[in-house]
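Q: Let me see the structure of the following:
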Amino acid sequence: MPSTDTLTPHRPGVADFYAVNRGGGLFSEALSQRIGAVIALVASRTGTKPTTLTLINLLLGIAVSTVLVLRAQDGTDAITPAYGLLALLGWQFAYALDCADGQLARVTGQGSLAGARIDILCDVASQILLVTALVAIGRPPLWLGALFAGSWMVNLVTSVLATSDKAASMVTSTSLPVRLVKLVRDYGAVIFVAGLVLTLAPALTIWFIAAFTVVNFGFLLASIAFTARTAYRS
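A: So this is what the prediction gives:
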């Protein structure tokens with residue numbers, strides 16, 4: 001007589017979904033990917049498709065950023081702590097959904113090329129609105145706003161490139177000090193800090209914009225130098 005274990009299929013739990021996460025950095029792995037695993041579990045039990053999570057992520061991100069843009073028309077002072085919390089929690093939950101769709105697809109075998117493409121396209125769309133919200137609130141000079149928008153896309157482009165089989169890290173160490181330094185490149189950590197700034201001191205948003213721009217362009221230049229050296233050696 002076959003055992004009960006043979007007859008009963010394994011139902012994945014939170015640990016199964018978290019085990020297939022794609023990282024993202026110390027903050028993302030500690031918080032965003034864990035929340036994503038819970039969302040993925042609920043989605044698997046309710047028959048929700050990964051693309052549905054992707055589209056909810058998009059709609060939530062657009063809604064939060066649009067509210068902030070409209071509010072910012074009345075000036076930086078109009079961004080009260082309530083609006084800052086909306087950004088902090090709304091952007092974080094949208095990112096957790098972004099983590100969850102990939103976990104759900106990998107564990108349940110629902111991954112597809114079209115699903116991966118729409119995930120990237122939705123990320124681009126929602127992040128354009130997020131950048132627009134920060135620029136609308138911070139009101140930087142035109143040249144800085146343009147540099148900030150361009151540098152923000154460095155995060156997205158490099159995250160896509162990191163999924164390539166030929167991807168290489170400039171600093172391969174996984175020690176805690178190195179991972180702490182890499183928090184400046186962790187999307188979950190970046191939007192957390194942005195949300196905190198909007199909640200506690202929205203007038204400092206322009207300084208967040210300036211600091212992020214400097215860090216990301218520094219990373220871009222270092223990446224170009226590192227990749228060029230690797231290309232010459234190959």
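Q: For stretch 122-142, which residues meet the burial criterion?
A: By neighbour count on 16 or more other C-beta atoms under 10 Å, the buried set for stretch 122-142 is 122-123, 126-138, 140. Just so you know, the C-beta spots here come from the backbone N, C-alpha and C atoms, and that holds for glycine as well.
Q: now swap in stretch 41-58 and tell me
A: For stretch 41-58, burial by neighbour count (16+ other C-beta under 10 Å) applies to L41, A43, S44, T48, P50, T51, L53, T54, L55, I56, N57, L58.
Q: List of residues touching it?
A: 12-14, 17, 39-40, 94-95, 97-98, 100-102, 104-105, 107-108, 110-111, 115, 118-119, 122, 125-126 (C-beta atoms under 8 Å, 6 or more residues apart in numbering).
Q: now the helix or strand hosting D101: how far from the chain's centre is it?
A: D101 belongs to helix 81-108 when assigned by DSSP states H and E. How far helix 81-108 lies from its chain's middle: 8 Å, per C-alpha atoms, centre = their mean, to the nearest Å.
Q: which helices and strands does the helix or strand L129 falls within pack with?
A: Taking DSSP H and E as the criterion, L129 maps to helix 113-138. Helices and strands touching helix 113-138, as assessed by 3 or more C-beta pairs under 8 Å, 6 or more residues apart in numbering; DSSP states H and E, comprise helix 50-72, helix 81-108, helix 142-161, helix 187-200, helix 205-233.
Q: helices or strands next to the fourth one in the packing?
A: This means helix 187-200. Contacts defined by 3+ C-beta pairs under 8 Å, 6+ apart place helix 187-200 against helix 26-27, helix 81-108, helix 113-138, helix 142-161, helix 205-233.
Q: Distance of the residue nearest to the spatial centre of the chain relative to G115?
A: Geometric centre of the chain, nearest residue: Y187, 4.4 Å, by C-alpha atoms, centre = their mean. Y187 is 20 Å from G115, where distance means C-beta to C-beta, to the nearest Å.
Q: which residues of the chain score low on pLDDT?
A: 1-9, 155, 158-174, 176 (pLDDT under 70).
Q: who are the neighbours in contact with P140?
A: Counting by C-beta under 8 Å, 6+ apart, P140 touches F148, I206, I209, A210.
Q: quick one: which of those residues is nearest to T76?
A: Distance ranking of the contacts of P140 against T76, using C-beta to C-beta, places I206 first at 8.8 Å.
Q: Could you check how far that closest one is from Q73?
A: Between I206 and Q73 the computed distance is 17 Å (C-beta to C-beta).
Q: With L130 instead?
A: 17 Å.
Q: how about F217, what does it touch?
A: If you count contacts by C-beta under 8 Å, 6+ apart, F217 has them with L147, S151, V154.
Q: Can you tell me, leaving aside adjacent residues, what's nearest to the second one?
A: If I follow you right, that is S151. Among residues not flanking S151 along the chain, N216 sits closest, at 3.8 Å (C-beta to C-beta, 6 or more residues apart in numbering).
Q: Thank you, goodbye.
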